[in-house]
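S.K.: Please find the sequence and the predicted model below.
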Amino acid sequence: MKCIMHIPWKMIDESVSATEVRPRKMKKAFEDIGYNVFFITGSASERNKQIKELERSLESGEKYDFLYSESSTLPMQLTESHHLPTHPFTDKSLFALAKKNRIPIGLFYRDYYWVFPEIHRFNKIKTLYTKLFHIIELQIYNRFLDVIYFSTDLYDMTLEKLRYLDKDLKFYTLPSGADLSYPQPEKKENYFAFIGDIGPNRHNIKVLMQTFNLFPQYELRICTPQKCWNINKQYYEPYLTPNIKILHLVNEEAQEFLSKAKYAFCYFSESNYRKYTLPYKIFDYVGYNLPIICNENDYSGQLIKKLGIGYSIKHSVKALSEWLNNIPSEAEYTLIIDNIEKVKKENSWLKRAETVRNTLISFNKGYK
């Protein structure tokens, strides 16, 4: 069996970012369910060569069950390092090739931060520039996709935000997967973990650090890329205390860091954006058997409460302090770990790959 996988940017080898990790997990999951994956990724010129190779393969009679793609946080026309649309038709040509050969196309739309005006990633001119290309990208999706996947089940709310997206597209929920192969130590160490970006605009962890200032008996370990810490160090340094450690780990070291933690945080300030999105790290934490602490007003907070895999509390120093003052007993902790084990198996990367296959194969049958 063969399938095509499309990642429209040049990936980084060593990274804890979902941008780099999720595609690799999905490629392996497709392989694990029996697929030979034709992988299209890299710079635009590299992708052009790969698409030409795919075209020759199709002309020689090769058959592919489906094409699975993931969007970038930038429009696919702007994913070159200079962010200029020097190869505007590269990825569109792939979708057109698949459509011509009656290969069903599904795309995971991983983030639509750009429709939230409160998120200031760029200056005004660059924001308008990128927004124009985001809209063009949606129109390309409308023309070529059979299925679009989102991390949440908020169908109506999502369409309201992405008003340029065709309402007739098939919509499926596809959160990130949990890894069943992560190391599981016999005994957890007594520290709390956070991993990821800490930019104050979208990933502000000030309340988290302020709270742990009040609890020297508990240790908070924050794993963030060195570059990210250098950019934001001045903002967070006033809240550093001996019980708060800043780490810069990748690959096996990052895995070991999470596997030994007792709890994990995905705990951010009030944001309209977070009512619509589910971060990659939620099910990544689940893979490490980590109970998760979230803001009760986020989609994440509502989901972990529904699944029974963590604690959903108000985002404030007071609320988090109250929770730490009444931390769960070992008996309650064991019960929640048991529940995480069940949820993990139902949301593995293998299950995610099977969902993509099953939803797209149904279109394949329709084409035949």
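M.R.: Now that the structure is in, tell me what you want to look at. Residues are numbered from 1 along each chain as shown.
S.K.: So which residue is dead centre in the chain?
M.R.: Centroid-nearest residue in the chain: residue 280, 3.3 Å away (criterion: CA atoms, centre = their mean).
S.K.: wait, isn't it in contact with residue 23?
M.R.: No: the criterion here is CB atoms under 8 Å, and residue 280 misses it with residue 23 at 11.3 Å. For the C-beta atoms, the positions are set from N, CA and C on the backbone; glycine is no exception.
S.K.: For this protein, list the residue farthest from the centre, please.
M.R.: residue 60 (36.0 Å).
S.K.: Could you check how far that residue is from residue 4?
M.R.: 15 Å (CB to CB, to the nearest Å).
S.K.: List of residues touching stretch 273-284?
M.R.: By CB atoms under 8 Å, 6 or more residues apart in numbering, the residues outside stretch 273-284 that reach it are 18, 21-22, 111-113, 116, 118-119, 151-152, 154, 157-158, 161, 175-179, 195-196, 202, 258, 264, 266, 268, 292, 294-295, 297-300, 303-304, 347.
S.K.: An error on my part: the question was meant for stretch 242-254.
M.R.: Contacts to stretch 242-254, defined as CB under 8 Å, 6+ apart, come from residues 14-16, 195, 209, 212-213, 215-226, 229, 240, 257.
S.K.: change it to 7 Å
M.R.: 14-16, 195, 209, 212, 216, 218-226, 229, 257 (CB atoms under 7 Å, 6 or more residues apart in numbering).
S.K.: Any buried residues in that stretch, and which?
M.R.: Neighbour counts using 16 or more other CB atoms under 10 Å place 243-244, 246-250, 254 of stretch 242-254 among the buried residues.
S.K.: Just the C-alphas of the top helix by length along the chain, formatted as PDB.
M.R.: Ranked by residue count and defined by DSSP state H, the top helix of the chain is helix 124-144. Taking Å, rounded to 0.1, in the frame of the first residue of the first chain, the C-alpha atoms of helix 124-144 are listed here in PDB:
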ATOM      1  CA  LYS A 124       0.400  45.700  10.700                       C
ATOM      2  CA  ILE A 125       1.800  45.600   7.200                       C
ATOM      3  CA  LYS A 126       3.200  42.100   7.500                       C
ATOM      4  CA  THR A 127      -0.100  41.000   9.100                       C
ATOM      5  CA  LEU A 128      -2.100  42.200   6.200                       C
ATOM      6  CA  TYR A 129       0.400  40.600   3.800                       C
ATOM      7  CA  THR A 130       0.200  37.200   5.400                       C
ATOM      8  CA  LYS A 131      -3.600  37.400   5.900                       C
ATOM      9  CA  LEU A 132      -4.000  37.900   2.100                       C
ATOM     10  CA  PHE A 133      -2.100  34.700   1.500                       C
ATOM     11  CA  HIS A 134      -4.000  32.800   4.200                       C
ATOM     12  CA  ILE A 135      -7.200  33.700   2.300                       C
ATOM     13  CA  ILE A 136      -5.700  32.500  -1.000                       C
ATOM     14  CA  GLU A 137      -4.600  29.300   0.700                       C
ATOM     15  CA  LEU A 138      -8.200  28.600   1.900                       C
ATOM     16  CA  GLN A 139      -9.500  29.100  -1.600                       C
ATOM     17  CA  ILE A 140      -7.000  26.500  -2.800                       C
ATOM     18  CA  TYR A 141      -8.200  24.100  -0.100                       C
ATOM     19  CA  ASN A 142     -11.800  24.800  -1.200                       C
ATOM     20  CA  ARG A 143     -10.900  23.800  -4.800                       C
ATOM     21  CA  PHE A 144      -8.900  20.700  -4.100                       C
END
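S.K.: care to break the protein down by domain?
M.R.: 2-177+348-367, 191-346 (automatic domain parsing).
S.K.: Run the chain-centre distance for the shortest one.
M.R.: Using CA atoms, centre = their mean, to the nearest Å, the distance from the centre of domain 191-346 to the centre of the chain it belongs to is 16 Å.
S.K.: Show the average pLDDT along it.
M.R.: Summarised as a single mean, pLDDT over domain 191-346 is 96.
S.K.: list the contacts for residue 190?
M.R.: With contacts defined as CB under 7 Å, 6+ apart, the neighbours of residue 190 are residue 262.
S.K.: quick one: it from residue 262, how far?
M.R.: 6 Å.
S.K.: Over to residue 237?
M.R.: 26 Å.
S.K.: In terms of neighbours, single out the busier of the two.
M.R.: residue 262 (16 against 9; other CB atoms under 10 Å).
S.K.: Now that one, what are its backbone angles?
M.R.: Main-chain dihedrals, residue 262, degrees, to the nearest 10: phi -90, psi -40.
S.K.: That one: what's it in contact with?
M.R.: 188-192.
S.K.: For those, give me CSV that also has distance to residue 317 and secondary structure.
M.R.: As requested, the contacts of residue 262 are exported to CSV (distance: CB to CB, whole Å; DSSP: H, G, I helix; E, B strand; the rest coil):
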residue, distance to residue 317, secondary structure
188, 25, coil
189, 25, coil
190, 21, coil
191, 19, strand
192, 15, strand
